[in-house]
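1. everything below, folded, please.
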Amino acid sequence: MAVVIASDLGKEIAGQPLLRGVSFKLERRDRMTLSGRNGAGKTTLLRMLAGETGIDAGELVLSKGVRVSLHDQRPPSTIWSSGQSDGAGRGLSLRDYVRSGAPELLALERELAQLEQRMAGGDYAEPTLTRYADAQSALEHAGGYTWHQRAMATLRGLGFDEGDLERPLATLSGGELTRASLGRALAGDPDLLLLDEPTNHLDI
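-> Prediction:
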């Protein structure tokens, strides 16, 4: 089954057409490259796929339960200074910033902790037990609590060491922020990974 199907997508900026008639289908393990001049709408299309900007025409269908992650070409500091939220602030540590790339998994962990507290208080009603089983199954399907270790292993693969994990993002260079953003995009093991100029700010 296709991960995403786009049919005749369109987007306008300030009343002027930017994208028209964009259609494609991506199956699992498919790869697609976007190329075009500056201002052609490549970044806008990726943000449409990530749900960060609206669609003015056409239809976009994602498979049920698909996890989408976008590595933005702008470093996090640029996003925050422009007043947009990337789920974190510049005072956030590298560790927590990368973990924020898996909001669904963090939400499942919080829900499980809340349900465990309720059960410890004597709530063994069927809806509570059913919801606990469902949430636990969803987390295990995503790799269980070991996703934290996998995310940190990804950071090490991107050149960070253990001592970097508690560094505030404000102390990172442009290249380090790019690598941090890549780590964040990979943290939740997405089904659809969108990379917008992922080599920006990186040396050779």
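
2. what's the distance between the residue located most distally from the centre of the chain and residue 100?
-> Most distant residue from the mean C-alpha position of the chain: residue 122, 36.6 Å away (C-alpha atoms, centre = their mean). Distance, residue 122 to residue 100, by C-beta to C-beta, to the nearest Å: 34 Å. No exception for glycine: its C-beta is placed from N, CA and C like everyone else's.

3. with residue 196 instead?
-> Distance from residue 196 to residue 100, by C-beta to C-beta: 18 Å.

4. what of residue 171?
-> With C-beta to C-beta as the criterion, residue 171 and residue 100 are 18 Å apart.

5. between these two, point out the one with more neighbours.
-> residue 100 (16 against 10; other C-beta atoms under 10 Å).

6. looks like that one contacts residue 94 (just checking).
-> No - counting by C-beta atoms under 8 Å, residue 94 is not a contact partner of residue 100; they are 10.8 Å apart.

7. quick one: residue 7 is in a strand?
-> Yes - applying DSSP: H, G, I helix; E, B strand; the rest coil, one finds residue 7 inside a strand.

8. tell me the bridge partners for it.
-> residue 59 (DSSP bridges).

9. so what's it up against?
-> Residues near residue 7 by C-beta atoms under 8 Å, 6 or more residues apart in numbering: 23, 58, 59, 60, 61.

10. geometric centre of this structure: which residue is closest?
-> Central residue of the chain (C-alpha atoms, centre = their mean): residue 69, 2.9 Å from the mean position.

11. which SS class is that residue?
-> strand.

12. scan this protein for its longest helix.
-> Longest helix of the chain, by residue count under DSSP state H: helix 103-120.

13. what are the buried residues along that helix?
-> Residues of helix 103-120 classed as buried under the neighbour-count rule (16 or more other C-beta atoms under 10 Å) are 105, 106, 108, 109, 111, 112, 115.

14. next SSE downstream of it?
-> Per DSSP states H and E, helix 103-120 leads on to helix 126-141 as the next helix or strand towards the C-terminus.

15. relative to helix 103-120, how tilted is that following helix?
-> Per axes from the mean of the first three to the mean of the last three C-alpha atoms, to 10 degrees, the angle that helix 126-141 makes with helix 103-120 is 140 degrees.

16. now helix 126-141: buried residues?
-> Of the residues in helix 126-141, 131, 132, 135, 138, 139 count as buried by neighbour count, 16+ other C-beta under 10 Å.
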